[in-house]
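Asks: Sequence first, then the predicted structure:
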Amino acid sequence: MAQVTLTFPDGNSKSFDAGVTPAEVAAGISNSLAKKAISATVNGAHWDLQWPIDADASIAIHTMKDEVQANELVRHDMAHVMARAVQEIWPATKVTIGPVIDNGWYYDFDRAEPFTPEDLSLIEKKMKEIINKRDPVTTEVWERDRAIEFYKANNEPYKVELIESIPGSEPIRMYWHGHWQDLCRGPHLQHTGQLPGDTFKLMSVAGAYWRGDSNRPMLQRIYGVAFTSKDKLKAHLTMLEEAAKRDHRKLGREMDLFHFEEHAPGSVFWHPAGWRVFQTLIAYMRRRQDAAGYIEVNTPDIMDRALWETSGHWFNYMDNMFLAKTHDDRDYALKPMNCPGHMMIYNHALRSYRELPMKISEFGKVHRYEPSGALHGLLRVRSFTQDDAHIYCTPEQLTDECLKVNDLILSIYKDFGFEDVHVKLSTRPENRIGSDESWDLSEGALKTALDRAGMSYTIFGGEGAFYGPKLEYVLRDAIGRDWQCGTLQVDYNLPERFGSTYVTQSGEKQAPVMLHRALFGSLERFTGILIENWEGKLPFWLAPRQVVVASITSEADDYVAEVVAALTAAGVQAEVDIRNEKINYKVREHSLAKVPVILAVGHREVDERTVTVRRLGEKQTSVVSLEQAVADFSRDATPPDLLTAAE
RNA sequence: GCUGCUGUAGCUCAGAGGUAGAGCACUCCCUUGGUAAGGGAGAGGUCGAGAGUUCAAUUCUCUCCAGCAGCACCA
């Protein structure tokens, strides 16, 4: 019989009969390893213990101690065990797919009746029974036709479709968990008893389209999480609770920042405190853009259909537009984007190459009729304010301008504490306009800019806008969640559609290239992200209420007013609290409202002209003079861009 | 938009086929208290909207609206 040489992680190698399985290899090492083994890595591929090895290879046997492999197997086997449990309880249920995802798995089912929350505990119970049975996991490779016939006979049409979509070069692998069978690429554990019975939890049921296609049937998806130990499950559930505490919708209510109404779904009612944050952001961005040579404009919210036909929105973006028909029977639309308005301003004069690059910015409020199910607090709304700008430049200036935008974006994110930024580059889609040459140029400009900036990026082929490729800036927050904010897009198309030109040095008319860019993206969304990132405890300069001056006794009321006046004059958002309440009560209330600083004043402070400073989250207080406090908080209230300028 | 769930006081939530309750918040009174809830009293609701069943609907049924989770879509 032919021999194969297997090399172990320690560098030793050994000869085996060809077709040996990792299970046999493990058994050759020790009985306990044979029992504990869960899978192997063979030549870098995650390998089932039952799969034969036909050629020389490196091999590593895994146990539950190998976190990466253990998690994958536990979650994958859990998916199968859950599907088996569901089919044992409701035999008519059809199975589809059940992949491993972050922290767990899901499995999609086709069943007429909806699963209820009570059903989940029923399924969990059945899963534990199955795990306790310690049923062996077995696998075979089948002929394609045999597998298709098998699933047709078993009335599992989704499996038939899956097999038909598996490339001919790949084996059709069948798995059994006891008597229960599934089509699966594996690998899997040795038997269900290797699953920890108390480290998983079924989380939720939701609809999901078959194959992610909204034209196809909606299935029922059950989500579960699973870990290799009980502690890790617990830690995960705790993390979910922590994330829930950061929910900006909850914090927005508690901090009295904004609210929503039924009659304006997806549109924000900004309260004074929230609007202050919003305006602080705009003021900051306006300074940064002014410094970077942008010119700010304002364009109409409602414009005639003809303009939207020229821009292409009327036919390409209609589903997302709010329309308005007027008494004179004209069709108007609320602007979903600012670009056509900026085209009007660019085109209003004969432009010279001397004016380029021309950077037209606008804090324009755009309206988009988003699908109802997409709305989500401030993060996904139907009307929002963009820190939008369009840069008109010559083809030669393109790369430089991209680079400048990139630099500006990173510098701005840094000021907000976001240093972990990732870039997605979306390239030409199938449905596109413009020549391949222009796409080469615009994609090249973005790539060159990124390379020159030393940025790493991920390419998403075919994901670009129909008129040009785009960069998307994704930032990672304090608890590791990713948020897409800024965008930079190259566009050769709109200038052409609007007949935009500039006069070159040699006196000819030429079409400019146009960049679309937004740095915060949506001000609403960015505000929501900041709230979640800081758990409502915004940095002092962004905090809507920066200082509350609280009296301990009513005899300090006049002094409280004096302190607040001094702070206000120094540019600090300061408030009076001289209510007839104890200082404990006031401290609690303002702490819950995430006010960064509470100044307590009683007899002592009045006599000594001091304040007692208590910062949010600190038990320790300190006493400083009124002058010192005004200086300190005035500096704290200064936005980071102005601080740098002053130093 | 799709699937499922939810909608009762400003907020968080009980409740029941016979037109509603708690805690916090709010108002007033007492209390002037030194760093996360002092005490008392009071006021506050067309029970998301419309239709149907019923002697009677906030409760049951249907439709619509909004919210939540996920999918699809996306800043």
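Replies: That came through, no problem. Nothing here was measured: the structure is a model prediction, and the numbers come from that model.
Asks: tell me the contacts of the closest residue in space to A:Glu535 that isn't next to it in sequence?
Replies: Leaving aside its sequence neighbours, A:Glu535 sits nearest to A:Arg246 (C-beta to C-beta, 6 or more residues apart in numbering; 4.9 Å). Yep, even glycine has a C-beta here, placed from its N, CA and C like the rest. A:Arg246 is in contact with A:479, A:531-533, A:535-536, counting by C-beta atoms under 8 Å, 6 or more residues apart in numbering.
Asks: RNA strand B contacts on the stretch 401-550 of chain A?
Replies: A:472, A:484-485, A:487, A:518, A:521-522, A:524-525 (C-beta under 7 Å from any atom of the strand).
Asks: neighbour-wise, which of those residues leads?
Replies: A:Glu524 (25 neighbours; other C-beta atoms under 10 Å).
Asks: Share the number of residues neighbouring the residue of the stretch 251-400 of chain A at minimum distance from RNA strand B, please.
Replies: At 1.7 Å from RNA strand B, A:Gly373 is the closest residue in the stretch 251-400 of chain A, using C-beta to the nearest atom of the strand. With neighbours defined by other C-beta under 10 Å, the count for A:Gly373 comes to 7.
Asks: OK, contacts around the nearest residue to A:Ala23 once chain neighbours are set aside?
Replies: Among residues not flanking A:Ala23 along the chain, A:Leu49 sits closest, at 4.0 Å (C-beta to C-beta, 6+ apart). Counting by C-beta under 8 Å, 6+ apart, A:Leu49 touches A:21-23, A:26, A:37-40, A:187, A:190.
Asks: Quick check on A:Leu49: phi, psi?
Replies: phi -60, psi -20 (degrees, to the nearest 10).
Asks: Relative to RNA strand B, how far out is it?
Replies: 32 Å (C-beta to the nearest atom of the strand, to the nearest Å).
Asks: A:Ala561 too?
Replies: 15 Å.
Asks: can you pull out the helices in the stretch 51-200 of chain A?
Replies: Per DSSP state H, counting those that start in this stretch, the stretch 51-200 of chain A carries helices over the ranges A:67-89, A:117-133, A:144-153, A:157-165.
Asks: Just the residues contacting stretch A:1-8, thanks.
Replies: A:13-18, A:20, A:25, A:53-60.
Asks: For it, what is the distance to the chain centroid?
Replies: Centroid separation for stretch A:1-8 versus its chain: 47 Å, with C-alpha atoms, centre = their mean, to the nearest Å.
Asks: in that stretch, what's buried?
Replies: Going by neighbour count (16 or more other C-beta atoms under 10 Å), the buried part of stretch A:1-8 is A:4, A:6.
Asks: got it, and stretch A:545-563?
Replies: Across stretch A:545-563, burial judged by 16+ other C-beta under 10 Å covers A:545-552, A:556, A:559-560, A:562-563.
Asks: Which ones among the residues you listed lie within helices?
Replies: A:559-560, A:562-563 (DSSP state H).
Asks: close to RNA strand B, is the helix or strand harbouring A:Trp275?
Replies: A:Trp275 belongs to helix A:272-291 when assigned by DSSP states H and E. No. Using C-beta under 7 Å from any atom of the strand, helix A:272-291 never reaches RNA strand B; the gap is at least 13.5 Å.
Asks: next helix or strand past that helix?
Replies: Trace forward from helix A:272-291 with DSSP H and E and the next one is strand A:295-296.
Asks: tell me the average confidence for that following strand?
Replies: Average pLDDT, strand A:295-296: 98.
Asks: Any residues of the stretch 51-200 of chain A in contact with RNA strand B? List them.
Replies: A:114, A:116.
Asks: A:Ala243: neighbour count?
Replies: That count, for A:Ala243 with other C-beta under 10 Å as the rule, works out to 14.
Asks: Run through the bridge partners of the nearest residue to A:Glu463 once chain neighbours are set aside.
Replies: Once flanking residues are discounted, A:Glu463 sits nearest to A:Ser426: 3.6 Å by C-beta to C-beta, 6+ apart. Judged by DSSP bridges, the bridge partners of A:Ser426 are A:Phe460, A:Lys470.
Asks: wait, isn't A:Ser426 in contact with A:Glu472?
Replies: Yes. The pair A:Ser426 / A:Glu472 is scored as a contact, 6.9 Å apart, by C-beta atoms under 8 Å.
Asks: what ranges of the stretch 501-647 of chain A fall below the confidence cut-off?
Replies: Counting by pLDDT under 70, the stretch 501-647 of chain A shows low-confidence ranges at A:644-647.
Asks: go again using 50 as the cut-off
Replies: Where the stretch 501-647 of chain A drops to pLDDT under 50, the residues are A:647.
Asks: which residues of it fall in strands?
Replies: Using DSSP state E, counting those that start in this stretch, the strands of the stretch 501-647 of chain A run over A:502-503, A:509-510, A:513-522, A:547-551, A:574-577, A:597-601, A:610-615, A:621-625.
Asks: quick one: is the last one near RNA strand B?
Replies: Yes. Contact check for strand A:621-625 against RNA strand B, using C-beta under 7 Å from any atom of the strand: residues in range are A:Thr621.
Asks: orientation of that strand relative to strand A:610-615 in degrees?
Replies: 140 degrees (axes from the mean of the first three to the mean of the last three C-alpha atoms, to 10 degrees).
Asks: Which strands and helices lie in contact with strand A:621-625?
Replies: strand A:610-615 (3 or more C-beta pairs under 8 Å, 6 or more residues apart in numbering; DSSP states H and E).
Asks: returning to what we had before: what's the closest of the contacts of stretch A:1-8 to RNA strand B?
Replies: After measuring those against RNA strand B - C-beta to the nearest atom of the strand - the closest member comes out as A:Ala60, at 33.0 Å.
Asks: so the closest one bridges to which residues?
Replies: On DSSP bridges, the residues paired with A:Ala60 through beta bridges are A:Thr41.
Asks: Now do the contacts for it.
Replies: A:8-9, A:40-41.
Asks: nearest to A:Met303, of the residues you listed?
Replies: A:Thr41 (60.4 Å; C-beta to C-beta).
Asks: That closest one contacts A:Gln69, correct?
Replies: Yes. Taking C-beta under 8 Å as the definition, A:Thr41 is a contact partner of A:Gln69 at 7.3 Å.
Asks: how near is the nearest residue to A:Gln510 once chain neighbours are set aside to RNA strand B?
Replies: In space, A:Gln510 comes closest to A:Thr504 once its chain neighbours are excluded; the distance is 5.3 Å by C-beta to C-beta, 6+ apart. For A:Thr504, the distance to RNA strand B (C-beta to the nearest atom of the strand) stands at 32 Å.
Asks: isn't A:Thr504 right up against A:Arg351?
Replies: No. Shown here, A:Thr504 and A:Arg351 do not form a contact pair, counting by C-beta under 8 Å, at 10.5 Å.
Asks: which of those two has more neighbours?
Replies: A:Arg351 (18 against 12).
Asks: Could you report the separation of that one from A:Leu542?
Replies: 38 Å (C-beta to C-beta, to the nearest Å).
Asks: residues in contact with A:Arg382?
Replies: Going by C-beta under 8 Å, 6+ apart, A:Arg382 touches A:265-267, A:322, A:367-370, A:375.
Asks: Give me the subset of the residues you listed lying in helices.
Replies: Using DSSP H, none of the contacts of A:Arg382 sit in helices.
Asks: And the buried ones among the residues you listed, selectable in PyMOL?
Replies: Buried members of those, defined by 16+ other C-beta under 10 Å, are picked up in PyMOL with:
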select buried, chain A and resi 266+267+322+367+368+369+370
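Asks: restrict the contacts of A:Arg382 to contacts with RNA strand B.
Replies: Among the contacts of A:Arg382, RNA strand B is touched by A:265-266, A:368, A:370, A:375 when using C-beta under 7 Å from any atom of the strand.
Asks: so can I have CSV of those residues showing distance to A:Trp439 and pLDDT?
Replies: Putting the ones next to RNA strand B among the contacts of A:Arg382 into CSV (distance: C-beta to C-beta, whole Å; pLDDT from 0 to 100) gives the following:
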residue, distance to A:Trp439, pLDDT
A:Pro265, 38, 94
A:Gly266, 34, 95
A:Arg368, 26, 96
A:Glu370, 29, 96
A:Leu375, 34, 96
